[in-house]
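# Below is the sequence, then the predicted model.
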Amino acid sequence: MKRTIFSNQLLPWLLLAPQLIITFVFFLWPAAQAVRQSFLREDAFGTRTSFVGLENFAYLLQSPEYFNSLKVTAIFAVSVTVLSMGMALLLAIAVDRMIRSTRVYTTLLVWPYAVAPAVAGILWWFIFNPTIGIMPYVLAQVGYDWNHISSKTDAMMLVVIASAWKQISYNFLFFLAGLQSIPGSLREAAAIDGAGPVRRFFDITFPLLSPTTFFLLVVNIVYAMFDTFGVIDATTEGGPAQATNIMVYKVYFDGFIGQNIGSSAAQSVVLMILVLILTVVQFRFVEKKVAY
Amino acid sequence: MASITLDNLGKVYPGGTRAVGGVNIDIADGEFIVLVGPSGCGKSTLLRMVAGLESISEGEVRIGDRVVNKVEPADRDIAMVFQNYALYPHMSVRQNLAYGLKNRKTPKDEIEKRVAQASEILQIGPFLDRKPAALSGGQRQRVAMGRAIVREPAAFLFDEPLSNLDAKLRVAMRLEIKELQKRLRTTSLYVTHDQLEAMTLADRLVVLNGGQVEQIGTPLDVYRRPASAFVASFIGSPAMNLISASAVPHLPGTAHAGQIGIRPEDLSVTPDGPIAMNVLAVEELGAQRLVHGKTGGERITITLPSDAPLSDSMNLSFRPDALHLFHKDSGKRMD
Ligand SMILES: Nc1ncnc2c1ncn2[C@@H]1O[C@H](COP(=O)(O)OP(=O)(O)O)[C@@H](O)[C@H]1O
Ligand SMILES: [Mg+2]
């Protein structure tokens, strides 16, 4: 890489300043606050604050609600990832086949991603609303009694679909780019080598797609775990009976609604550690370059 | 081993482009046929129709006695070598070679035997466990060849397999392909835009222009008696001189001729020759030199030994039987 030499010692810092300030104000400072507060406990009236060491964490580990949230998060994250990546891959394969009309399709499929998550959530809330939504009506016709307000499974399905939907177009673009970068002659050679379409996909296409797949895997898990707050808040608010209370939502709920700042802070510290681990995994594998 | 017959073969792409039309070629068992023509003349399209990678719009392809128009590529008993080699990047060389056999449920020991044979023939034994990315261009080319020969197909199809190699390697690999084909006697259809490659490899040449066959013949036939002005200008290096017939009105038998051709090596310098040429440039090739000049309004090139004397203007002569006459309307050869 080219190394630029600045004669003025101040200039590089000035150029970096906006980014550094943003990082500090919106990330480092709140993170430090969260870490600090995770060791403190306020009394019921919020007047006195005392240092309690790791007690907030110890309390979390004994809380069945927290374990429920861990379990819900795991189910949610895996479902969202599998659903959004699976759908995106199917769409990308279809579009890759009809290469010529690609441009039309890609623009059509980008727009869900542009819709803000909360809007997406409300949209799905309307579609699936037990009294006014279209989906419960359609499902009732085929004999399924949809009610995400009382049914835990329905609620989970709703937030999974709403969250996955938003991610599909993003995944689709990456998968499509990945598919397009595989030379057609490889698949032709495999066809001549006696491999049918399904075989070709699993022997040639999918392995060559693995760097993209791995990248998306991490991105989608991170998304499902940390970026779906808006969807949950607009549809189920964590209910019914904690069935969709994923970790990020619980942080908000315990902190702002329940006013238990210490526990909420401890939970965010746990989340931060998870992000850290995922990031490390991501970089390690990117360095090793997955597959070939 | 099999013969291949292209019967009135034509291709119209969905957009309406007619890439190939009315092509008839009979390829004998074990024959090496080279399709040659400028870029965009439909060579790849023709080859891909034979391979089954492109649907056939008109006519018939027969391999052996079987019409294969609707047969899947895998079931046509052919192997193809691609311009970019199309090696599977995530598989080792050994896996690349074995893939086609594995898909056909060939027994393990048979696969091993054939891979060993092919790697012996092509001297790729030392790289069998490497991935394609760790090979040089020439080595990849060999692996691509190996993948074709392990299958022991009825025919080899080559689409410009040497065009990604540097000039020196290209010449070496050209010879190897020729020797390999002589040894295996597998029917081969080879596509190239390089007329020299075509001349050196072919048992018979098929010269294509605008999706149509201009001429089929042995390299020497085509060189000596080009069937059209197009073939005359395309085959042979340096290219044949083509002069407008109106520039030499006194020549007998040229009433309907549009162009008169003469090869640069068929012209000689004689003090009283009928063509007076003003020399414009000289290219030294080592063994010989190419002298480029003008006579009347026409450009003309002549091949001379490298020790021949040069001057600014030369008089050229030729044997009358060295002339090629092409019809003024059709561009076809007139005798
Ligand atoms: N998939 C395609 N769709 C439409 N036209 C095509 C397609 N492939 C090739 N062509 C056209 O067909 C003609 C012949 O192409 P091709 O067979 O690739 O020529 P060559 O291999 O001799 O360079 C060209 O005019 C090319 O633009
Ligand atoms: Mg081509």
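Now that the structure is in, tell me what you want to look at. This is a predicted model, so every value here is computed, not measured. Ligands and ions are numbered 1, 2, ... in the order given.

# Where does the prediction get shaky in chain A?
A:1-4, A:6, A:44-46, A:98-121, A:286-292 (pLDDT under 70).

# does the nearest residue to residue B:69 once chain neighbours are set aside count as helix, strand or coil?
Among residues not flanking residue B:69 along the chain, residue B:56 sits closest, at 5.0 Å (Cβ to Cβ, 6 or more residues apart in numbering or on different chains). C-beta coordinates here come from the backbone N, C-alpha and C atoms, glycine included. What DSSP: H, G, I helix; E, B strand; the rest coil gives for residue B:56 is coil.

# next one: phi and psi at residue B:56?
Main-chain dihedrals, residue B:56, degrees, to the nearest 10: phi -100, psi 120.

# So, low pLDDT: which residues of chain B?
B:249.

# quick one, helices of it?
Per DSSP state H, chain B carries helices over the ranges B:43-51, B:93-103, B:108-122, B:137-150, B:167-184, B:195-201, B:219-224, B:229-234.

# Any idea which of those helices gets closest to ligand 1?
With Cβ to the nearest ligand atom as the measure, helix B:43-51 is the member of the helices of chain B nearest ligand 1 (3.1 Å).

# Just the C-alphas of that closest one, formatted as CSV.
C-alpha atoms of helix B:43-51 as CSV (Å, rounded to 0.1, in the frame of the first residue of the first chain):
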residue,chain,number,x,y,z
LYS,B,43,-16.9,-21.3,-34.2
SER,B,44,-17.7,-21.6,-30.5
THR,B,45,-21.4,-21.7,-31.2
LEU,B,46,-20.8,-24.6,-33.7
LEU,B,47,-18.6,-26.5,-31.2
ARG,B,48,-21.0,-25.9,-28.3
MET,B,49,-23.9,-27.3,-30.4
VAL,B,50,-21.8,-30.5,-30.9
ALA,B,51,-21.1,-30.6,-27.2
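
# And the contacts of it?
Helix B:43-51 has contacts (Cβ atoms under 8 Å, 6 or more residues apart in numbering or on different chains) with A:188, A:192, B:4, B:6, B:9, B:11, B:19-20, B:23, B:35-37, B:54-56, B:61, B:63, B:73, B:76, B:78, B:80, B:155, B:157-160, B:189, B:191-193, B:208, B:211.

# With mean neighbour count added, can I get the helices of chain B in a markdown table?
Converted to a markdown table, the helices of chain B look like this (neighbours: other Cβ atoms under 10 Å in any protein chain shown):
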| stretch | mean neighbour count |
| --- | --- |
| helix B:43-51 | 23 |
| helix B:93-103 | 22 |
| helix B:108-122 | 16 |
| helix B:137-150 | 23 |
| helix B:167-184 | 15 |
| helix B:195-201 | 20 |
| helix B:219-224 | 17 |
| helix B:229-234 | 24 |
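
# what about stretch A:124-141, how long is it end to end?
19 Å (Cα to Cα, to the nearest Å).

# rewinding a little: just the buried ones among the contacts of helix B:43-51, please.
By neighbour count, with 16 or more other Cβ atoms under 10 Å in any protein chain shown, these hold A:188, A:192, B:4, B:6, B:9, B:11, B:19-20, B:23, B:35-37, B:54, B:56, B:61, B:63, B:73, B:76, B:78, B:80, B:155, B:157-160, B:189, B:191-193, B:208, B:211 as buried.

# so who does residue A:194 touch?
Listed by Cβ under 8 Å, 6+ apart, the contact set of residue A:194 reads B:74, B:100, B:103-104.

# Ignoring the adjacent residues along the chain, who's closest to it?
Sequence neighbours aside, residue B:103 is the residue nearest to residue A:194 in space, at 3.7 Å (criterion: Cβ to Cβ, 6+ apart).

# what does chain B have sitting close to chain A?
B:51-53, B:72-74, B:78-80, B:82-84, B:86, B:88-90, B:99-100, B:103-104, B:131, B:133, B:147, B:151 (Cβ under 8 Å from any Cβ of the partner chain).

# that older thread, mind checking which of the contacts of helix B:43-51 are in strands?
B:4, B:6, B:9, B:11, B:19-20, B:23, B:35-36, B:61, B:63, B:78, B:80, B:155, B:157-159, B:189, B:191-192, B:208 (DSSP state E).

# just these that are near ligand 1?
Contacts with ligand 1 within the ones in strands among the contacts of helix B:43-51, as defined by Cβ under 6 Å from any ligand atom: residue B:19.

# quick one: contacts of stretch B:63-75?
With Cβ under 8 Å, 6+ apart as the test, stretch B:63-75 has contacts from A:188, A:191-196, B:2-4, B:50-53, B:56, B:60-62, B:76-78, B:103, B:154-155.

# quick one: residue A:43 from residue A:52, how far?
11 Å (Cβ to Cβ, to the nearest Å).

# oh sorry, the question was meant for residue B:201
Applying Cβ to Cβ, the value for residue B:201 to residue A:52 is 85 Å.

# next one: residue A:29
22 Å.

# Could you list the residues in contact with stretch A:68-84?
Contacts to stretch A:68-84, defined as Cβ under 8 Å, 6+ apart, come from residues A:156, A:159-161, A:163-165, A:167-168, A:171, A:217, A:220-221, A:223-225, A:228, A:242-247, A:250.

# What number of residues are in the vicinity of residue A:195?
Residues within reach of residue A:195, counting by other Cβ atoms under 10 Å in any protein chain shown, total 22.

# so who does the residue nearest to residue B:69 touch?
Counting by Cβ under 8 Å, 6+ apart, residue B:56 has contacts B:9-11, B:49, B:69.

# How about residue A:125?
A:133, A:162, A:234-235.

# Kindly report the same for residue A:130.
By Cβ under 8 Å, 6+ apart, the contact list for residue A:130 reads A:136, A:146-149.

# Select from those residues the one having the most neighbours.
Neighbour counts for the contacts of residue A:130 (other Cβ under 10 Å) peak at residue A:148, which has 27 neighbours.

# Contact residues of the stretch 101-250 of chain A facing chain B?
Near chain B, when you scan the stretch 101-250 of chain A using Cβ under 8 Å from any Cβ, you find A:183, A:185-186, A:188-196, A:199, A:203-204, A:207-208.

# can you rerun that using 7 Å?
With Cβ under 7 Å from any Cβ of the partner chain as the criterion, the stretch 101-250 of chain A comes near chain B at residues A:183, A:185-186, A:188-189, A:191-195, A:204, A:207-208.
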